[in-house]
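J.: Following is a predicted model, sequence given first.
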Amino acid sequence: MLQLKFAFLCVILSSSILTLSTRMQRVCYIQCVRRLCGPAPSSLLLKVMEDNKPWALISEVGKQGYIEEVMDILKQHFHIICLKDFLQNSAVHGPKVQAVLVWNSLPAAEPTLLRLLPSLKVVANGGVGIDHLDLPYISSLGVKVTNTPGVVSDATADIAMGLLLASARRIVEGHQLAVDPNMTHLSQDLMGVEVTGSTMGIIGMGHIGCKIAQRGKGFDMRILYHNRTRRSVEDEQAVGASYRENVDDLLKESDFVVVAVNLTPETTSLISHRELSLMKPTATLVNVSRGLVVDQDALVKALRSGTIRAAALDVTHPEPLPRDHPLLGLSNVLITPHVGTNTYATTRKMVQKMVDNALAALNGQSIPNEVKPK
């Protein structure tokens with residue numbers, strides 16, 4: 001009898017508090033039930049809280065999907081269904097799903113999938129770049145799109161500086177020599193280039209670019225930057241950066257060119273034959289943006305011919321590169337597999353921001369990081 005009374009009250013109460021946030025909805029359920037019918041069994045309270053959670057579609061756990069260490073964040077706020085399970089019975093699951101949580105570009109938010117989700121309200125992307133999302137199409141469905149700026153900046157700047165240092169000081173080659181079973185003496189010809197006091201040119205002085213400049217300043221580097229719009233004097237002074245309105249001037253002056261732009265039609269092949277030819281023959285190109293920002297055929301040619309000294313890349317196109325791609329056979333190239341944000345702390349921050357954005361969209365609240373079509 002208590003269970004029936006409890007369930008009946010929950011139905012009545014749900015209609016009056018749907019406009020509240022998910023957390024507030026749960027609090028209201030518990031408080032109202034306790035006032036109306038006294039202490040309820042904890043199992044029933046937990047069931048109400050569980051039933052009140054919205055459904056979200058993800059790619060998978062493990063492999064290319066979410067690491068197990070962040071699933072507690074997702075499960076706290078959503079009923080989670082993986083793409084494989086969803087596709088086995090999309091007719092049943094489709095109407096339930098209100099959020100798609102995209103990680104590493106998966107699940108692909110394409111028309112074939114979106115048509116199966118009549119209740120969809122938000123596509124929450126993990127990461128800043130949304131070049132893999134058809135923003136106009138998704139928005140035309142009345143579905144919100146969000147991303148996670150800010151929280152990725154420190155980790156991405158760290159990997160940019162790590163790649164720069166590793167390439168300049170030939171750290172990977174040094175490790176390979178040190179563990180070589182045939183090594184009998186220390187080689188003195190593993191010479192690198194000086195980082196301290198050198199010139200770093202940053203293309204794309206957004207939040208990530210500014211963080212990279214901070215790290216360069218710590219190495220007493222001279223910082224140049226090119227951006228669509230010039231930063232404020234205060235921003236420039238904070239990192240000791242000098243603006244170059246013409247990117248060509250930056251390319252000519254820099255010992256290290258670091259690319260940190262979003263991928264757009266305008267930035268596709270931003271660095272190609274002409275731009276590489278303007279760089280110093282002793283210069284290094286560092287790319288932590290997107291693979292398509294650099295013309296890889298032009299880069300291979302520049303590296304083989306000595307037009308530039310080296311390249312250090314956290315991004316390529318495609319990812320991973322085909323195993324016979326010429327970039328993989330060059331000794332003056334350092335490549336990491338798009339791990340710019342791959343720390344436990346940053347990953348948890350990204351997932352939490354995805355959840356916050358999605359819940360705001362589902363509850364009709366102001367969305368912290370909504371991305372709108374231009």
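T.: In hand now; what should we look at? Residues are numbered from 1 along each chain as shown.
J.: Please report the distance of residue 366 from residue 146.
T.: Separation of residue 366 from residue 146 (Cβ to Cβ, to the nearest Å): 12 Å. Where C-beta positions appear, they are placed from N, C-alpha and C, glycine not excepted.
J.: Let me see the mean pLDDT of stretch 288-302.
T.: Mean per-residue pLDDT for stretch 288-302: 98.
J.: Strands of the chain, residue ranges please.
T.: Under the criterion DSSP state E, strands of the chain are mapped to 55-58, 79-82, 97-102, 122-125, 144-146, 199-203, 222-226, 241-243, 256-259, 284-287, 310-313, 333-335.
J.: Turn these into TSV, including mean neighbour count and distance to residue 154.
T.: Formatted as TSV, those follow (neighbours: other Cβ atoms under 10 Å; distance: least, Cβ to Cβ, whole Å):
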stretch	mean neighbour count	distance to residue 154
strand 55-58	23	25
strand 79-82	16	28
strand 97-102	25	22
strand 122-125	26	19
strand 144-146	24	20
strand 199-203	26	15
strand 222-226	22	17
strand 241-243	17	18
strand 256-259	28	15
strand 284-287	27	17
strand 310-313	24	19
strand 333-335	20	21
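J.: Switch those strands over to TSV; also include distance to residue 209.
T.: Output for those, formatted as TSV (distance: least, Cβ to Cβ, whole Å):
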stretch	distance to residue 209
strand 55-58	31
strand 79-82	35
strand 97-102	24
strand 122-125	20
strand 144-146	22
strand 199-203	5
strand 222-226	7
strand 241-243	9
strand 256-259	8
strand 284-287	12
strand 310-313	16
strand 333-335	20
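J.: nearest to residue 354, of the ones you listed?
T.: strand 122-125 (4.4 Å; Cβ to Cβ).
J.: Note down every partner strand of the closest one and its orientation.
T.: Partner strands and pairing direction for strand 122-125 (DSSP bridges) are strand 97-102 (parallel), strand 144-146 (parallel).
J.: Can I get it in CSV, CA atoms only?
T.: Extracted as CSV, the C-alpha positions of strand 122-125 are listed here (Å, rounded to 0.1, in the frame of the first residue of the first chain):
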residue,chain,number,x,y,z
VAL,A,122,21.4,18.3,-27.4
VAL,A,123,24.6,17.1,-28.9
ALA,A,124,27.3,17.7,-26.3
ASN,A,125,30.8,17.5,-27.8
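J.: Okay, buried residues for stretch 294-311 please.
T.: Under the neighbour-count criterion of 16 or more other Cβ atoms under 10 Å, stretch 294-311 has 294-296, 298-300, 302-303, 307-311 buried.
J.: what comes into contact with it?
T.: Residues from elsewhere that reach stretch 294-311 (Cβ atoms under 8 Å, 6 or more residues apart in numbering): 167, 193, 259, 269-273, 276-277, 279-287, 313, 316-317, 325-327, 330, 332-334.
J.: Low-confidence ranges, the stretch 1-150 of the chain, go.
T.: Scanning the stretch 1-150 of the chain for pLDDT under 70 picks out 1-51.
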